[in-house]
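# attaching a predicted model along with its sequence, questions to come.
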Amino acid sequence: MKHLGVVFLINIFYAINTFAATDLVLWHSYRGAEKDALEKNIASFNQSHSNINVQTLQVPHDAYPDKISAAIPRGKGPDIFIFAQDRIGDWAVNDVIQPVGFWITDDIRKRFLPITLKSLEYNGEIYGLPTAFKCTALFYNKKFIKEPPVNTDDFISLAKANTQIENKQFGLVYENGLTYYNALWFYGFGGGFFDEQRNPVIDRPENIEALIFIRDLHRKHHILPEEISNSLVTTLFNDNKAAMVISGPWFRAEIAKDIDYGIATLPVISKNNQPSKPFLTVEAFMMSSKTEHPLESFEVINALTQAPYTTVMAIEGKQPAANADTYNETEVKSDPWLEIFKQQLDNSVPMPNFPEMRMIWTPMDIAISKVLNKNADPSAALKEAQQKIQENIQIFRK
Amino acid sequence: MKKYRFIGIFTALLFSCTVLYFLGIPSHRWYATLKTRYIARISDAYLQSEILNNRESKPENALKSLQQACPLIKTAIVVKQNRYLLHVNTDRINTPFDPRNLFDKEMYDLLRKLKFGYGNDGEAFRIADFHGNHSGNPGYLYYGAPLTDEHNNPSGLIHFIVLDDTEPPWLLPLAALLILSAIGGAASWAATKKIIASLHFFILATLGIWGFFVLSPYETLWQPDDSQQLHRIESGLISMVSDPPQYQQLLQNDSLIHQITSDAESILKTQPKLPFFIRILPLLAGVLVYWFFYNERALSAYRAVKRHRTAYAYIMPAMTGMIILVAIPLIYGVILAFMQIKQGEWTFVGLDNFVAILSDFSITKPDNFYFTLAVTVLWTVSNVCLHVFIGLSLALILNRPTLKLKRFYRVLLILPWAIPNYITALIWKGMFHRQFGAVNAMLNALGSFYSKSIVILLLPMTFLVKAMLYPLECFYSQFGEVNAILNELVSYLGCNHIGGISWFKTFWPAFTANLTTNVWLGFPFMMVVSLGALQSIPGELYEAASIDGASRYQQFKHITLPLLKSALFPAIILGTIWTFNMFNIIYLVSGGAPEGATDILIVDAYRWAFEKLNYGYAAAYSLVIFFVLFLYSAITNRITHATEGAFD
């Protein structure tokens, strides 16, 4: 009986010990190297923090945002999750995520590249801590291109020189039917999609100018293939059939091993001597508004956005880090492309995080495809898109 | 036995009313929030000006004058930017700020929200939910507002604790009813029928009275217009604060603030009244339930359930699954169709969504309902015709007894059906690529002469329909480029065209691409159904017919077709409904190109929900689709008697 008592006590001891650690659930949609790096980080975090036990769950990317929107309000979601900033507005007004500004001291604020933290702001409040950012840059095949182009004139002439349509070889391949990949031209020409009051300004003259430029790339200079899709970009680049590609850091994992390629910042627009500015998406740790352990959750995201975790994400996960100090580490310095993305970051525009942004995509894609494929008048196409978007936003706001 | 049932019903009613009540509580809290919100805002404007304009003035003094202006305020807390918290009330002064204090975080977040709530745009601000009840003191609400400096940077924070005494006396009727039900149970156990009857009446009456109380939390939901009233006060206040002379006046005039405060309060105190018929809903529900359970038919159903208890127990798990997975989402969708959801808030809009869908007659636009309906009908009819034609032809061929390698062909022909349709869709999309796709490559390889005939073979239906719809095409801008594809063909046949046919540039090629993919996917089903039915036709019939001298065609027309009918009609109805809602193919192959013209109804519904974020509208859209299909199957059922055997 004595033994039984001891066993009982030990059991209680263990039970208390296990109960003492707070279980937190973290959702993410990373795959491959990014996933491995994150899981390595979580494992080492759990080891060094006896009071917190983080469990990760990888959710397929397509269903991910909808799953967050559906699960958290019903109390079934994660405590912490990683997502890009573009849904913040939606989630903030629907009380899916909670602001963390209360805890953000100046020390924490200084840790990040300023624009990455700024893009997590919605209605003046910060909704998460940034971990990585993604924006497009110029990938070029060194077999064709020795020196990356500085301005768009060089860019076009280089692309022209490397295009042989009979051989199905192209100077430039990017998904030119999509607004996301064309944003760099719109912003580069000085345009944009919204004014200060979040009203769409699609048909402004700068945008028309940019759309003419986009059309000319395809229809006047003939440097692009037809009907470009994501898989076509990868296939052509890996078959040595594309000299230049505009894509983001994720493209790096898709490039075949035998391709000798380089990365450069996007060219300056020759016409107005302004840099072209791609969309910036910032991936951040966000906290569920329904989490029962906000303090512990913040402790986790606070820790994971600092060294050494950020270094692991940058080196092993190949992510451009949002933590500014990461770029001073020798390991990171040895990988020059991270620096390129950091440079590109300075010339990028954070994708608006208010819900109205989601009304832009389809009408805008339609306008672009009309101009590219049906030779529609750019200003008329944008005017139509403006009208459509305004209508949709009005219905949405009503 | 009757008395038990009676007690059961009564308890169930009581229970559901209680649940209803507790569901209603959050909205009640919300109402209280609104009330305090205005007090807090007024005070904020005051306190803010006091601190900003008089730097020496201490928050304690500010609070003092604030309390004079608004006696409901018991305490205020100020957080300066250096993150030290000053809690101004009798028991807690100069307490340091604690970053681990979650209640303070909640206040901070709320106040930051509030600050942006009354921003420059003057748009009304709403709070999704209120979490103020952290103190453990029921009946108290906490509220406040942030402070800003002259550059509009947050410099601090105040919050107020305001007494809230609007809890309804809900326990009393509940307790009374519990006692009554106990008495009722005892009485009906012993007494004669007369007493039971009077007791029924009594309890119904009590239920009705209690309903008045139970539903009171729903009042704020019922009259959302009171927020407009609030908005009026709010905008008045904002203009006062933003207008410098009035602002100064506000500063100097305590009584003015007091007046505003009491004005706001008096408006807020006039509680919205719930319509009478809503209030007596519990009573009506009670009467309905009584009527239902004393109804002879219901009683016999009840007895049947009781008799076959084991059988019902067996189907319970399946029933539960069906209710959770099918019935609840369905009901949810129907409710959604009558709502408008904006920023997480549901508003009942009646039939507005349906009216918006059905009354829009700009039918030349590709996202118009009628345009999409026409495309959907065209899509469904052409698909089903081709499915049946190809499926039946192949079945007839496979059914020939002399055919060699029959099994091999059969497997081969069912294969398209066996592959997940989104994979097929993506493969076909790749094959229709202009520069790199297999279709154009094949046409190229065949050379100009053959390609001419192949193209013409590929698009016969297209041209046929085009010819029929020519007058329409002149009208619709989408089809306006009548000659686009012909031009394309001509330049293509000239063989110097780099790209080949651009499949997704104009309507008809895109439609043809979708159609080809779905025909590839759809004919095996019809083939299998026809094959099964063909095999059940006895050979003697054909034998007898051929002895009578019937030709092959006559045999087909008078024996095969009539006997296939019973199997084929349900398959066609099913196939029609599937094709009508064939989301994957449209979304993945053409993706609506060009400009959403090839979208069918279900894809449009998806776009309304998940691209345009208009959930109510999308739900109404799906409901309209449902009714179209319902109408279709009801009519076809009546005409063909297709499912007659199944339901009799």
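Nice, I can see it.

# chain B contacts on the stretch 251-398 of chain A?
Within the stretch 251-398 of chain A, the positions near chain B by C-beta under 8 Å from any C-beta of the partner chain are A:294-295, A:355, A:358-359, A:361-362, A:366, A:369-370, A:373-374, A:392, A:395-398. (Glycine included, C-beta is placed from N, CA and C.)

# oh sorry, the question was meant for the stretch 51-200 of chain A
Proximity of the stretch 51-200 of chain A to chain B is confined to A:66, A:90, A:93-95, A:98-99, A:101-103, A:105, A:123-125, A:165, A:168, A:197 under the rule C-beta under 8 Å from any C-beta.

# which among those residues end up buried?
Neighbour-count burial within those applies to A:Asp90, A:Val93, A:Asn94, A:Asp95, A:Gln98, A:Pro99, A:Gly101, A:Phe102, A:Trp103, A:Asn123, A:Glu125; the criterion is 16 or more other C-beta atoms under 10 Å in any protein chain shown.

# out of those, the closest to A:Thr330 would be?
A:Trp103 (31.0 Å; C-beta to C-beta).

# could you find the closest non-adjacent residue to that closest one?
Nearest non-adjacent residue to A:Trp103, counting by C-beta to C-beta, 6 or more residues apart in numbering or on different chains: A:Phe298, 5.5 Å away.

# so who does A:Glu39 touch?
Going by C-beta atoms under 8 Å, 6 or more residues apart in numbering or on different chains, A:Glu39 touches A:Thr56.

# and it, its phi and psi?
phi -70, psi -30 (degrees, to the nearest 10).

# what's the burial count for the residue nearest to B:Ile357 when sequence neighbours are not counted?
Excluding the flanking residues, the one nearest B:Ile357 by C-beta to C-beta, 6+ apart is B:Phe369, at 5.1 Å. Residues within reach of B:Phe369, counting by other C-beta atoms under 10 Å in any protein chain shown, total 21.

# what's the answer for the one 10 residues further on, then?
Neighbours of B:Trp379 under the rule other C-beta under 10 Å: 24.

# surely the residue nearest to A:Trp103 and A:Ile104 touch.
No - the criterion here is C-beta atoms under 8 Å, and A:Phe298 misses it with A:Ile104 at 9.6 Å.

# more neighbours: those two, which one.
For A:Phe298 versus A:Ile104, neighbours defined as other C-beta under 10 Å are more numerous around A:Phe298 (23 against 17).

# could you pull out the helices in the stretch 251-398 of chain A for me?
Under the criterion DSSP state H, counting those that start in this stretch, the stretch 251-398 of chain A contains helices at A:294-304, A:309-315, A:330-333, A:336-346, A:361-374, A:378-397.

# got the contact list for the first one?
Among residues not part of helix A:294-304, those counted as contacts by C-beta under 8 Å, 6+ apart are A:22, A:24, A:26, A:41, A:45, A:49, A:51-52, A:54, A:79-80, A:98, A:100, A:103, A:108, A:128-129, A:131, A:285, A:287-288, A:291, A:309-310, B:100, B:102, B:105.

# please read off the pLDDT at A:Asn293 from the model.
Careful, residue A:293 is His; it's not Asn. Predicted confidence (pLDDT) at A:His293: the value is 89.

# surely it and A:Asp79 touch.
Yes - between A:His293 and A:Asp79 there is a contact at 6.2 Å, judged by C-beta under 8 Å.

# please identify every residue contacting each of those two.
A:Leu24.

# of those two, give the one with the bigger neighbour count.
Shown here are A:His293 and A:Asp79; by other C-beta under 10 Å, A:Asp79 has more neighbours (24 against 16).

# could you measure from that one over to A:Leu304?
Distance from A:Asp79 to A:Leu304, counting by C-beta to C-beta, to the nearest Å: 13 Å.

# same question for A:Val233.
According to C-beta to C-beta, A:Val233 stands 32 Å off from A:Leu304.

# can you list the domains in chain B?
Chain B breaks down into these domains under automatic domain parsing: B:2-169+B:213-281, B:369-594.

# lowest average pLDDT across the ones you listed?
Ranked by mean pLDDT, these end with domain B:2-169+B:213-281 at the bottom, a mean of 45.

# residues near B:Ile423, how many?
By other C-beta under 10 Å, the burial measure for B:Ile423, its neighbour count, is 11.

# quick one: it is in a helix?
Yes - counting by DSSP: H, G, I helix; E, B strand; the rest coil, B:Ile423 falls inside a helix.

# and it, how far from chain A?
14 Å (C-beta to the nearest C-beta, to the nearest Å).

# now that residue: how far from B:Ser300?
To B:Ser300, B:Ile423 is 52 Å away according to C-beta to C-beta.

# could you measure from B:Trp417 over to B:Val529?
11 Å.

# actually B:Ile341, not the one I wrote
With C-beta to C-beta as the criterion, B:Ile341 and B:Val529 are 42 Å apart.

# higher neighbour count, the two?
Each of B:Ile341 and B:Val529 has its neighbours counted (other C-beta under 10 Å); B:Val529 has more, 22 against 17.

# I'd say the more buried one and B:Ala571 touch.
Yes - B:Val529 lies in contact with B:Ala571 (C-beta under 8 Å); the separation is 4.3 Å.

# helices along the stretch 401-550 of chain B, start to end?
Under DSSP H, counting those that start in this stretch, the stretch 401-550 of chain B gives helices at B:406-418, B:421-431, B:438-458, B:460-468, B:470-475, B:484-493, B:507-535, B:539-547.

# check the stretch 1-150 of chain A too.
Along the stretch 1-150 of chain A, counting by DSSP H, counting those that start in this stretch, helices occupy A:2-20, A:32-48, A:64-71, A:88-93, A:106-111, A:114-118.

# how about stretch B:381-395: buried residues?
Buried residues in stretch B:381-395 (16+ other C-beta under 10 Å): B:Ser382, B:Asn383, B:Val384, B:Leu386, B:His387, B:Val388, B:Ile390, B:Gly391, B:Leu392, B:Leu394, B:Ala395.

# cool, and stretch A:288-308?
Across stretch A:288-308, burial judged by 16+ other C-beta under 10 Å covers A:288-291, A:293-302, A:304-305.
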